[in-house]
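>>> Quick one, what's the 3D model for this:
(2 chains)
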Amino acid sequence: MKFAGIDIGSRTIELVVVDDQGEITDSLQTDTGFDPMTNAKQLVSKIGYDHIIATGYGRNLFEISFDTPTVTEIKAHAKGARKYFPDAKTILDIGGQDSKAISMLDDGRVRQFEMNDRCAAGTGKFMEIMAKTLGFDIENFGKEALLAEDKLCISSMCTVFAESEVTSLIAKGHNPQEIALGLHTSVMSRMVGMINRVSRHGAIVFTGGVAKNRCIQKLLAEKSGREVIVPEDPQLIGALGAALLARETL
Amino acid sequence: MTTEILNTLQQITDQNLVDIEQAKAEGRSVVGFYCVYSPTEIAVAAGAIPLPLCGTRNDPIASAEEVLPRNLCPLIKSSYGFAVSDTCAFFRSADLIIGDTTCDGKKKMFELLARHKTTHVLQLPQNQDTELSLPLWHTELYRFKDLMETQTGATIKEENLRAAILLMNRERQAKKALMDVNMSNPMLLSGSKLLEILFKIGFLADKEKGISFIEAVTAAAKTGVFQQEVPQQGKGKRILLTGVPVGLGSDKVIKIVEQCGANVVAFENCTGYKQAFSVDENKSPMTALAEQYLSTPCSVMSPNTGRFDLLKEMIRDFSVDGVIDLTWQACHTYNVEAYQIDEMIQSNFSFPTLHLETDYAESDTEQLRVRIEAYLEML
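Okay, here's the model as predicted:
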């Protein structure tokens, strides 16, 4: 039997299928775009499966369209992270428009969670806007920041005000890589604050699109003093977790 | 069945506005209250009608924000907004407003409210200490009593106070008996319906009517007639809602919990169980009132041990599976207290709390929903 999980996020949709042993057989990704259900339908039509669970921001829309069960992305991430890291107890997920920190009990159940889904600061959106303002591609943003020797502190937390601040720093002739490093630092310190509210010790499994950024990975490890583990494909963890839960419950 | 009860309640509520106008025409005073710390008995003893004016709707907030800062508790903004936009018939009918120095926001708001209607602010102590604070509160209640006598022209004798205490005790016990029907498993009356009833009864000028109505609903509930209409037939996860006051208009969290497949089984807040007390009928009335009302377990008190004890009791009595601790934005006392509440519940029971911070607007419904869903998944 094949069990699928679909994670309908604010920017991307991931679909993961696992077999009876819980091993991944397929995985696909697409942009959420303006019409999540059309894009989701397109994705699911490409792969066969017996059961599916939806998670993410668009899970209830999927539930209505496809008559499937749903789980929150919190539960899905806790499940997915343990596939690769069986002892994981702390997860940090930074997506396009939200971020969350999750701590787990020894048996893998969620113990506590904190979410920031009301403010763009410290999310993928922030990174995108800042990269663009500095003239970098989002894929290279981390690399560019790592090239800086010094960092320029950005005082504004707010995406809108930080963008203004960055624009004026560029106008004054400051080094874009130093500005980039300052921005990465400010994102990272927001994250550490959120993580500390749910857990103080142990390795951090870092998921979501922003987890691909090597500069953030490095800064997070340094500031927190904890090991930071990034799965091979950090954006799939939510969908993977949903697929594994489908396997367990359906 | 629930529809019938709610229709009756609506009729009573509509009639109430007429009753109030009638009472005023006959020379009775109407006194507006904003807090469970303020003894309504003192108004009742003077023959006045006490009305709870605490704002629970989002609409008046825009008018309030012309004068009050945006970064302020929505309850305070709503209360003030109702006053200045003249959209609350109950506020309009009030001859006197009783305020209280419960929190920073309220005490400053009352300074401005006083421009619209005669406002008397009770100086609530910071703690419940018997030697330091109780005498202060006692003095404040005597001042309130004197004021009521001046306002109404009536003399408040001891027998008036005793009668008022007896009446209000009966009303509170009726409410408690209604709330207690949900100690049963499965529960018998949905949290949202319970809230609606408790909320609307508070406005009734004719307290006997209110007491009879509540007693009838309680008796009916015990036979199980409302069970069909309780979400999940009352078999969902049993959630206790604690924290700030909620009412009709500010009850989105209750609705979301019910939509997510759980039940709100009890309220540890001033809309609910904080009103389930009794004033000692054997003591001297003013002493009994001062002692009982000062012991109200709101986070404005420091320390607030009463709330911790009450929660432990209620979690056991109502067989609670989870606790949602609600804080209105900018409510510092409940917000800071949430940490210790979570600590206490985790160490005494096998579950954590879900702490939510929000306001009256509907815009964050989905954010609240994902948190509530995730919390229910954890239980």
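
>>> what's the closest non-adjacent residue to residue 166?
No chain in the question, so chain A it is. Nearest residue to A:V166 in three dimensions, chain neighbours excluded: A:T133, at 5.0 Å (Cβ to Cβ, 6 or more residues apart in numbering or on different chains). All C-beta atoms are positioned from the backbone trio N, CA, C, and that covers glycine.

>>> That was the other one, I meant chain B.
Nearest-residue entry for B:L166: B:E281, 6.5 Å, with adjacent residues in sequence omitted and distances by Cβ to Cβ, 6+ apart.

>>> Domain-wise, how is chain A divided?
According to automatic domain parsing, chain A comprises the domains A:1-85+A:235-250, A:87-230.

>>> first vs last residue of the longest one, how far apart are they?
When you say that, I think you mean domain A:87-230. Start and end residues of domain A:87-230 are separated by 14 Å (Cα to Cα, to the nearest Å).

>>> That domain: how far from the chain's middle?
For domain A:87-230, the separation from the chain centroid amounts to 10 Å (computed by Cα atoms, centre = their mean, to the nearest Å).

>>> and what of stretch B:173-185?
16 Å.

>>> Buried residues, that stretch. List them.
For stretch B:173-185, burial by neighbour count (16 or more other Cβ atoms under 10 Å in any protein chain shown) applies to B:Q173, B:A174, B:K175, B:K176, B:A177, B:L178, B:M179, B:D180, B:V181, B:N182, B:S184.

>>> what's near enough to touch the residue nearest to B:L166?
B:R162, B:I165, B:L166, B:N169, B:A288 (Cβ atoms under 8 Å, 6 or more residues apart in numbering or on different chains).

>>> Can you tell me which of those is nearest chain A?
Using Cβ to the nearest Cβ, the shortest approach to chain A within the contacts of B:E281 belongs to B:N169, at 41.5 Å.

>>> Nearest spatial neighbour of the closest one, chain-adjacent residues omitted?
Leaving aside its chain neighbours, B:N169 sits nearest to B:S278 (5.0 Å; criterion: Cβ to Cβ, 6+ apart).

>>> can you check B:M148 too?
Using Cβ to Cβ, 6+ apart, the closest residue to B:M148 is B:A46 (4.1 Å).

>>> so what's the one you found up against?
B:A46 makes contacts with B:S29, B:M148, B:E149, B:Q151, B:T152, B:A154, B:I156, B:N160, as judged by Cβ under 8 Å, 6+ apart.

>>> Separate out the buried members of those.
If you count burial by 16+ other Cβ under 10 Å, the buried members of the contacts of B:A46 come out as B:S29, B:M148, B:Q151, B:T152, B:A154, B:I156, B:N160.

>>> Phi and psi next, for the closest residue to the fifth one other than its chain neighbours.
Read that as B:A154. Residue nearest to B:A154 in three dimensions, not counting chain neighbours: B:A46, with 4.9 Å by Cβ to Cβ, 6+ apart. Torsion angles at B:A46 (phi, psi; degrees, to the nearest 10) stand at phi -90, psi 10.

>>> now do the one 5 residues further on
Reported as degrees, to the nearest 10, the phi and psi values for B:L51 are phi -130, psi 130.

>>> wait, isn't it in contact with B:F33?
Yes: at 6.7 Å, B:L51 counts as touching B:F33 under the criterion of Cβ atoms under 8 Å.

>>> returning to that earlier point: please list the members of the buried residues of stretch B:173-185 that lie in helices.
Secondary structure defined by DSSP state H assigns B:Q173, B:A174, B:K175, B:K176, B:A177, B:L178, B:M179, B:D180 of these to helices.

>>> CSV for the contacts of B:E281, including neighbour count and pLDDT?
Listed next are those as CSV, based on neighbours: other Cβ atoms under 10 Å in any protein chain shown; pLDDT from 0 to 100:
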residue, neighbour count, pLDDT
B:R162, 17, 98
B:I165, 23, 98
B:L166, 13, 98
B:N169, 17, 98
B:A288, 20, 98
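
>>> for chain B, which spans come out with low pLDDT?
Low-confidence segments of chain B (pLDDT under 70): B:1.

>>> C-terminal to the helix or strand where A:G193 lies, what's the next element?
Using DSSP states H and E, A:G193 falls within helix A:176-198. Per DSSP H and E, helix A:176-198 leads on to strand A:204-207 as the next helix or strand towards the C-terminus.

>>> Averaged pLDDT, that following strand. What do you get?
On average, the pLDDT along strand A:204-207 is 97.

>>> Strands of chain A, start to end?
A:3-8, A:12-18, A:24-31, A:51-55, A:90-94, A:99-104, A:110-116, A:204-207, A:228-229 (DSSP state E).

>>> Need the residues that contact the longest one.
Right, the one you point to is strand A:24-31. For strand A:24-31, the external contacting residues (Cβ under 8 Å, 6+ apart) are A:2, A:11-19, A:39, A:42-43, A:46-47, A:233, A:235-236, A:239-240, A:243.

>>> What residues of stretch B:286-297 count as buried?
Across stretch B:286-297, burial judged by 16+ other Cβ under 10 Å covers B:M286, B:A288, B:L289, B:A290, B:E291, B:Q292, B:Y293, B:L294, B:T296, B:P297.

>>> returning to what we had before: for B:D104, find the nearest of the domains of chain A.
domain A:87-230 (24.0 Å; Cβ to Cβ).

>>> distance of the most centrally placed residue in chain A from A:K223?
For chain A, A:G208 is the residue whose C-alpha lies nearest the centre (Cα atoms, centre = their mean; 1.9 Å). Relative to A:K223, A:G208 is positioned 18 Å away (Cβ to Cβ, to the nearest Å).

>>> try A:I24
Distance from A:I24 to A:K223, counting by Cβ to Cβ: 32 Å.

>>> Contact residues of the stretch 151-300 of chain B facing chain A?
Residues of the stretch 151-300 of chain B found near chain A (Cβ under 8 Å from any Cβ of the partner chain): none.

>>> Give the burial count for the closest residue to A:G135 other than its chain neighbours, as a bare number.
Closest residue to A:G135 apart from its sequence neighbours, by Cβ to Cβ, 6+ apart: A:P176 at 6.7 Å. Neighbour count of A:P176, defined by other Cβ atoms under 10 Å in any protein chain shown: 19.

>>> ok, A:P176 touching A:T133?
No: proximity of A:P176 to A:T133 does not meet the contact threshold set by Cβ under 8 Å, at 9.3 Å.

>>> Between those two, which contacts overlap?
Jointly contacting A:P176 and A:T133 under the rule Cβ under 8 Å, 6+ apart are A:I170.

>>> Enumerate every residue touching B:F226.
The contact partners of B:F226, taken as Cβ under 8 Å, 6+ apart, are B:M1, B:T2, B:I5, B:L188, B:L189, B:S190, B:K193, B:A220.

>>> Could you look up the SS state of the closest residue to chain A within the stretch 251-379 of chain B?
Proximity of the stretch 251-379 of chain B to chain A (Cβ to the nearest Cβ) peaks at B:A374, 4.0 Å away. Secondary structure for B:A374, judged by DSSP: H, G, I helix; E, B strand; the rest coil, is helix.

>>> one step back: hey, which of the domains of chain A is tucked in deepest?
domain A:1-85+A:235-250 (a mean of 20; mean count of other Cβ atoms under 10 Å in any protein chain shown).

>>> so B:T353 touches B:V323, yeah?
Yes: at 4.5 Å, B:T353 counts as touching B:V323 under the criterion of Cβ under 8 Å.
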